[in-house]
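**Q** below is the sequence, then the predicted model.
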Amino acid sequence: MICGVIKISSLPLRRLDILAKQNLLAVWINDLNAPIYLNSGESHQHHHTPTSSYCNHCFKTLLQSPSSPCPSCSLLFCNSTCLSRASSSSHSPYVCQALSRLQNSSDLLLNHPLERHVQARFLIAAFNLSIVSPPHFQTLLSLQGTVTDNDASNAHFLHSLISTICPPPSIPSIELTAALLAKDRLNAFGLMEPFNEQLERSVRAYGIYPMASFFNHDCLPNACRFDYVDTAHHNNTDMIVRILHDVPQGREICLSYFPVNLDYSTRQKRLLEDYGFACDCDRCKVEANWSDIDNDKDGDDDNDEEDEVMDEDEEEEEEDEDEQMVASGGAENEDTDFPHAYFFVTYMCNVNNCGGTLAPLPPSPATPSNVMECNVCGNLRNNDAI
Ligand SMILES: C[S@@+](CC[C@H](N)C(=O)[O-])C[C@H]1O[C@@H](n2cnc3c(N)ncnc32)[C@H](O)[C@@H]1O
């Protein structure tokens, strides 16, 4: 067993899975990476809404104090430092001009869903990447993602829209545009708005984290991701993946692409529609045998806006249902119809309306930590209390 912090770059990265190289005990997979780009999750028409604004460089929540708008396109930044850093990367003159034109022709996306606004901004960001950072653009293209009919039809519309607003050089072909949309659909991570028990959270920004994109999904994950966007740390948009519990050598390390408390039919639907596969994990094998009534009890809780690959949106009332399942399951009895109850008792946050997953805080050099942190609300819980 090892205990400590390892860098993801020291793991044997494979395209299809990430396997534990050693028996891992309370390990952080740290320094997972910085994103190759981040893109606002808000509609461009909402940039200036004071209640829902984030800096378009570091994506921290903009405080009441005056922020620095871009003089050309009025996109908001924390201060002149963020604006100036963005100007040489994600907010190059190319992006600024394209966004200004998009903003000035708001009828172009009128009556289109938020998803289409976000995709338009993603494509502008991706085309910019091909100019300012070709290696990162190649990395984006190397990610998994097969074009669906839906990607092709969205690409058709967005390509014609963007070709009217992007300055030279000319934009990539419709085929490449469709491929980019597919990569984004399968690989983008949502950085969520700050947690508030009373409000439904949505995505503040989407980002591509190439290393984190290697993680496959499991409905009972052995790792989960954390971000600390609103902290003072200068790498505040880096992602950290932490392992929940001991992992035997050779076992694949997986994340859940959405809150773990979704029911079977909702999980299957999302995984099929968004990621193109039917999940056959241990939990799904068990829950597939549950009655249709159980499986359908909240099968209508999809939220298209937040159907993003790895978002963390939570579902109302799921927690109560899980508590009921846990109560009837019994943690030790593997013969019941709910053998995974232990997971929910130990790793599921019980804060109202949260739905987050708990992972141990970083261990000291010699011992693992028994304090668990929630990856959504940040609540700390001492596992001795369970
Ligand atoms: C973010 S990528 C994960 C890494 C990817 N497998 C790779 O090799 O780069 C998401 C895609 O991986 C595949 N995938 C992830 N989890 C899976 C699972 N449990 N079973 C089958 N395919 C899975 C699906 O094709 C999904 O769309």
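**A** It's in.
**Q** every contact and neighbour count from this point should use C-alpha atoms.
**A** Fine.
**Q** dump the C-alpha coordinates for stretch 212-227 into PDB.
**A** The C-alpha trace of stretch 212-227 is given here as PDB (Å, rounded to 0.1, in the frame of the first residue of the first chain):
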ATOM      1  CA  ALA A 212      -8.900  14.000 -16.700                       C
ATOM      2  CA  SER A 213     -10.600  13.000 -20.000                       C
ATOM      3  CA  PHE A 214      -8.900   9.600 -19.700                       C
ATOM      4  CA  PHE A 215     -11.200   8.600 -16.900                       C
ATOM      5  CA  ASN A 216     -14.000   6.200 -17.800                       C
ATOM      6  CA  HIS A 217     -17.300   6.200 -15.900                       C
ATOM      7  CA  ASP A 218     -18.500   3.900 -13.200                       C
ATOM      8  CA  CYS A 219     -21.900   4.400 -11.400                       C
ATOM      9  CA  LEU A 220     -20.000   3.500  -8.200                       C
ATOM     10  CA  PRO A 221     -16.800   5.400  -8.800                       C
ATOM     11  CA  ASN A 222     -13.600   4.900  -6.800                       C
ATOM     12  CA  ALA A 223     -12.500   8.500  -7.400                       C
ATOM     13  CA  CYS A 224     -14.100  11.900  -7.700                       C
ATOM     14  CA  ARG A 225     -13.000  15.300  -8.900                       C
ATOM     15  CA  PHE A 226     -12.600  18.500  -7.000                       C
ATOM     16  CA  ASP A 227     -12.200  22.100  -8.100                       C
END
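**Q** average pLDDT for that stretch?
**A** Averaging pLDDT along stretch 212-227 yields 93.
**Q** any idea how far it is from the chain center?
**A** 10 Å (Cα atoms, centre = their mean, to the nearest Å).
**Q** hmm, that stretch touching the ligand?
**A** Yes: using Cα under 6 Å from any ligand atom, stretch 212-227 reaches the ligand at S213, F214, F215, N216, H217, D218.
**Q** Throw the residues you listed into TSV and include secondary structure and neighbour count, thanks.
**A** Listed next are the residues of stretch 212-227 next to the ligand as TSV, based on DSSP: H, G, I helix; E, B strand; the rest coil; neighbours: other Cα atoms under 10 Å:
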residue	secondary structure	neighbour count
S213	helix	16
F214	helix	19
F215	coil	24
N216	coil	17
H217	strand	21
D218	coil	22
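**Q** pLDDT score for I386?
**A** 59.
**Q** actually T357, not the one I typed
**A** Here the pLDDT value assigned to T357 is 96.
**Q** next one: the residue lying closest to it once chain neighbours are set aside from M372, what distance?
**A** For T357, ignoring the flanking residues on the chain, the nearest one in space by Cα to Cα, 6 or more residues apart in numbering is M348 at 4.9 Å. M348 sits 10 Å away from M372, going by Cα to Cα, to the nearest Å.
**Q** quick check: neighbours shared by these two?
**A** Here M348 and M372 share the contacting residues L358, scored by Cα atoms under 8 Å, 6 or more residues apart in numbering.
**Q** for the ligand, what are the nearby residues on the chain?
**A** Within the chain, the residues that sit near the ligand (Cα under 6 Å from any ligand atom) are 15-16, 143-144, 186-187, 213-218, 275-277, 279.
**Q** among those, which two are most distant?
**A** By the measure Cα to Cα, L143 and C279 form the most distant pair in those, at 20.3 Å.
**Q** secondary structure element for R225, which one?
**A** strand 223-227 (DSSP states H and E).
**Q** actually G250, not the one I wrote
**A** Residue-wise, G250 maps onto no helix or strand under DSSP H and E.
**Q** just the pLDDT at it, thanks.
**A** For G250, pLDDT reads 84.
**Q** tally of neighbours for it?
**A** Number of residues near G250 (other Cα atoms under 10 Å) recorded here: 12.
**Q** tell me how far it lies from T61.
**A** 40 Å.
**Q** which strand residues bridge R225?
**A** Judged by DSSP bridges, the bridge partners of R225 are V241.
**Q** mind listing what it touches?
**A** By Cα under 8 Å, 6+ apart, the residues touching R225 are M239, I240, V241, R242, L255, N375.
**Q** longest helix in the protein, by residue count?
**A** Counting by DSSP state H, the longest helix found in the chain is helix 114-132.
**Q** helices and strands around that helix, which ones?
**A** When contacts are defined as 3 or more Cα pairs under 8 Å, 6 or more residues apart in numbering; DSSP states H and E, helix 114-132 sits against strand 37-40, helix 93-104, helix 134-142, helix 149-165, helix 174-187.
**Q** list the buried residues in the second one.
**A** Along helix 93-104, these residues count as buried under the neighbour rule (16 or more other Cα atoms under 10 Å): Y94, V95, C96, Q97, A98, L99, S100, R101, L102, Q103.
**Q** next, give phi and psi for C55.
**A** phi -60, psi 140 (degrees, to the nearest 10).
**Q** please disregard the earlier target; I meant I253.
**A** Residue torsions, per degrees, to the nearest 10, at I253 are phi -100, psi 120.
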